[in-house]
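> okay, structure incoming, though there's no sequence with it:
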């Protein structure tokens, strides 16, 4: 593992609620953005997977624990790591923290299933995707 994949997101005005804090489902969008960016080294990137190869990564499980609110203009560091790779599924973990003070914001996990979008059935994770995921594979807890 080279360490987690990192992406920084600046909270936009349209992402906050009436209380002025980031609306909780937006965190899942940010994490999906990080997953897309993590897969950029695959030929054609994430767009190529979907459009050209007709492969998708729909979520089959998602969970989140929120620790601290973020507001419009805050920068959030999203550290993505691969917790598990199965035959056709991938378990991802996202640690979100504020850039300015390092304070933990949330931890999200989701499991995606590599899916043939033509027939909407799972299929084994291809080798080129496995190679990219291996860069961010979390070490087993001992």
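Received it, and whenever you're ready, just let me know what you need. All of these numbers come straight from a predicted model, not from anything done at the bench.
> surely residue 129 meets residue 41?
No. Counting by CB atoms under 8 Å, residue 129 does not reach residue 41; the two are 9.8 Å apart. No exception for glycine: its C-beta is placed from N, CA and C like everyone else's.
> between those two, who's got more neighbours?
In this view residue 129 and residue 41 are compared by other CB atoms under 10 Å, and residue 129 has more residues nearby, 20 against 12.
> is that one in a helix, a strand, or coil?
Following DSSP: H, G, I helix; E, B strand; the rest coil, residue 129 is assigned to helix.
> so what's it closest to, chain neighbours aside?
Excluding its sequence neighbours, the residue lying closest to residue 129 (CB to CB, 6 or more residues apart in numbering) is residue 42, at 5.9 Å.
> tell me who's in contact with that neighbour.
Shown in contact with residue 42 (CB atoms under 8 Å, 6 or more residues apart in numbering): 48-49, 128-129, 132.
> give me the neighbour count for residue 43.
A count of neighbours around residue 43, defined by other CB under 10 Å, yields 9.
> that one: what's it in contact with?
Contacts of residue 43 by CB under 8 Å, 6+ apart are residue 128.
> with residue 55 instead?
By CB under 8 Å, 6+ apart, the residues touching residue 55 are 49, 114-117, 123, 126.
> again with residue 114
For residue 114, the contacting residues are 55-57, 88-90, 122-126, 129, by CB under 8 Å, 6+ apart.
> identify the farthest-apart pair in the contacts of residue 55.
Across the contacts of residue 55, the longest distance by CB to CB is 13.8 Å; it joins 117 and 126.
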